[in-house]
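Enquirer: just coords:
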């Protein structure tokens, strides 16, 4: 498929409120790709509506549909990391750092620091870092669960123990690490991978926002 044909592809973002799909919306704006936005609202139970399962069997968001000009049906892509990788590969290679040093293409150890950081963060954002945020969300829900008043202290105690023994120390470790990554950004850049915004920076925004809400003062 040529670059011209790629630009003619129809992109649809299945967007869910209060979800990670906001990052994909940001990415599409950065890529200046024309897209259609289909909006879904969470129910009173905060779960995604069942209609999202008509788009993808997992019924989650974000999901992106890409209809190529010569394709019979759209390609459906789920998972934030996979979506960012696919969209940047076809619509915005400038958001992927150069992989190899000049003249050393394909050699182990010849990758640029920018690209190594990019590859790491693309997995780290939804892996190591987001795991802490999910545990923090669970302890928050436990602490605020609608239970009888005499059980409330027990629930708060359990949540507090998990927060103090796991969430808080791990969160501090990761925030210190990320602060150092920004300080040492290649070329004195203001982004994680250097002077230019990358797909990895966009992936990082959701767990960073969640972390700042739970970080100790």
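Expert: Sure, I can see it. None of the values given here were measured: they were computed from a predicted structure.

Enquirer: and the helix or strand residue 30 falls within, how far out from the chain middle?
Expert: Taking DSSP states H and E as the definition, residue 30 sits inside helix 21-31. Centroid separation between helix 21-31 and its chain, computed with CA atoms, centre = their mean, to the nearest Å, is 11 Å.

Enquirer: helices and strands around the next helix or strand after it, which ones?
Expert: Counting by DSSP H and E, the next helix or strand C-terminal to helix 21-31 is strand 35-40. Contacts defined by 3 or more CB pairs under 8 Å, 6 or more residues apart in numbering; DSSP states H and E place strand 35-40 against strand 10-16. Where you see a C-beta, it was placed from the backbone N, CA and C, and this is true even at glycine.

Enquirer: all helices of the chain, in order?
Expert: Here the chain has its helices, by DSSP state H, at 3-7, 21-31, 80-91, 113-124, 130-143, 152-162, 168-183, 199-214.

Enquirer: so what's the nearest residue to residue 107 once chain neighbours are set aside up against?
Expert: Leaving aside its chain neighbours, residue 107 sits nearest to residue 100 (7.1 Å; criterion: CB to CB, 6 or more residues apart in numbering). Neighbouring residues of residue 100 by CB atoms under 8 Å, 6 or more residues apart in numbering: 106-107, 110-112, 115.

Enquirer: between the helices of the chain, which one is closest to residue 71.
Expert: Nearest of the helices of the chain to residue 71, taken as CB to CB: helix 3-7 at 10.5 Å.

Enquirer: tell me how this structure divides into domains.
Expert: Following automatic domain parsing, one gets these domains for the chain: 3-95, 113-214.

Enquirer: how about these in TSV, adding mean pLDDT and mean neighbour count?
Expert: Compiled in TSV, the domains of the chain are given as follows (pLDDT from 0 to 100; neighbours: other CB atoms under 10 Å):
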stretch	mean pLDDT	mean neighbour count
domain 3-95	92	16
domain 113-214	93	16
